[in-house]
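[1] build me a model from this:
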Amino acid sequence: QVQLVESGGGLVQAGGSLRLSCAASGRTFSSYTMAWFRQAPGKEREFVAASSRRGGGTYYADSVKGRFTISRDNVKNTVYLQMNSLKPEDTAVYYCAARQGVVTARFDDYDYWGQGTQVTVSS
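    Numbers count the residues shown, from 1 in each chain. I've put the predicted structure just below:
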């Protein structure tokens, strides 16, 4: 069982930056693929970025490539999402997710979810 707690959301102007954090419980954090998804009002939850188990690789949605960076600290059991050059269309609730399998962009492949943190980008 893994419990995930996100933090770091907020209101920022377009072009600004935010750093999201997701703290995970448990002693096998490094064995989990960690991902960030987001959901805007009236839209489906969409994949943003993922970090494979033991930090073997990172993956990004085309819409955030070059602007967002996912990283993980397997000692602190925490995954981060550094978001730069934010755009109003990045406004959404951001969710941290975990699974023990390989990286996938399908939200229903993930077994554990945080409560979400709101990110609002004003124009």
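
[2] for A92, list each beta-bridge partner.
    V119 (DSSP bridges).

[3] contact partners for it?
    Neighbour list for A92: R38, Q39, A40, K43, Q118, V119 [criterion: CB atoms under 8 Å, 6 or more residues apart in numbering]. Backbone N, C-alpha and C define where each C-beta goes, glycine included.

[4] next: Y110.
    Contacts for Y110 (CB under 8 Å, 6+ apart) come out as A35, F37, A97, A98, R99, T104.

[5] what is the neighbour count of A40?
    14 (other CB atoms under 10 Å).

[6] the closest residue to S123 other than its chain neighbours: how many residues sit nearby?
    Leaving out its chain neighbours, the residue that sits closest to S123 by CB to CB, 6 or more residues apart in numbering is P88, at 4.8 Å. Residues near P88, counting by other CB under 10 Å, number 11.
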